[in-house]
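> pasted the sequence and its predicted model underneath.
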Amino acid sequence: KQEVTQIPAALSVPEGENLVLNCSFTDSAIYNLQWFRQDPGKGLTSLLLIQSSQREQTSGRLNASLDKSSGRSTLYIAASQPGDSATYLCAVRAGYALNFGKGTSLLVTP
Amino acid sequence: EAGVTQFPSHSVIEKGQTVTLRCDPISGHDNLYWYRRVMGKEIKFLLHFVKESKQDESGMPNNRFLAERTGGTYSTLKVQPAELEDSGVYFCASSQISLGGDTQYFGPGTRLTVL
């Protein structure tokens, strides 16, 4: 059974800092990994998808890496802004279903 | 392009009543998924449709839950009779396989409260 863990559970940083969110999973036989963002009361917005054969994906100030053999992924956010405040969710796909972590709640203060 | 839509956004019902949630996927997406998050827990998979066929319903909690996708377009998730532990946020997602991988796009969710 795939277990997905996200550390830290919550994070508060001043604006402008670079930060790293961590995701680990127990079964390395995955199809892909997705990072999502969720704003309060809203749905999930897909940020990045990394296929199992890829090592990283980049979109703007976001960079996600994947080390399948060690069961780890990181989401790097450069030059954080208050608008980045949200919950970030990591989800691993094996088969059709996504297996989610509990998320990291990020607060970026001005 | 319209995203995944869900109706209602919020439903409050009493234990023992019936509730039907609706999901409209992104047009042209063959894959449709239902997920649920109960208080304090992570989002959990419920089931997956490809067009009108159920591919995997291993996450459905019990036989009080019934999902349908007639005609392979929108989907409904009925809970009958509802119990207190069914309270949570129900998300729908859709995807279409492409060269870039099948990103799942999520709707805003339906918040279900069972009193």
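That came through, no problem. Numbers count the residues shown, from 1 in each chain, chains lettered A, B, ... in the order given.

> correct me if wrong: A:E56 contacts A:L49.
No. With contact defined as C-beta atoms under 8 Å, A:E56 does not count as touching A:L49 (11.7 Å). C-beta here means a position set from N, CA and C on the backbone, and glycine is covered the same way.

> overlap in contacts of these two?
Here A:E56 and A:L49 have no joint contacts, going by C-beta atoms under 8 Å, 6 or more residues apart in numbering or on different chains.

> looking at the two, which is more packed in?
Each of A:E56 and A:L49 has its neighbours counted (other C-beta atoms under 10 Å in any protein chain shown); A:L49 has more, 21 against 14.

> quick one: which helix or strand includes the more buried one?
A:L49 is part of strand A:44-51 when elements are defined by DSSP states H and E.

> the helix or strand just after that strand pairs with which strands, and in what direction?
Reading on from strand A:44-51 to the C-terminus, the next helix or strand found by DSSP H and E is strand A:56-59. Strand pairing for strand A:56-59, determined by DSSP bridges: strand A:62-67 (antiparallel).

> got a list of contacts for the strand it pairs with?
When contacts are defined by C-beta under 8 Å, 6+ apart, strand A:62-67 is touched by residues A:33, A:35, A:47-48, A:50, A:52, A:54-58, A:72-78.

> among those, name the buried ones.
A:L33, A:W35, A:L47, A:L48, A:I50, A:S52, A:Q57, A:R72, A:S73, A:T74, A:L75, A:I77 (16 or more other C-beta atoms under 10 Å in any protein chain shown).

> what is the fourth one paired to in the beta sheet?
Applying DSSP bridges to A:L48 gives these bridge partners: A:W35.

> got a pLDDT number for residue 56?
The chain I'm using is chain A. Looking at A:E56, its pLDDT reads 95.

> that's the other chain; I wanted chain B
pLDDT at B:D56 comes out at 92.

> wait, doesn't it sit right on A:A94?
No. Contact between B:D56 and A:A94 fails when scored by C-beta under 8 Å: they sit 11.7 Å apart.
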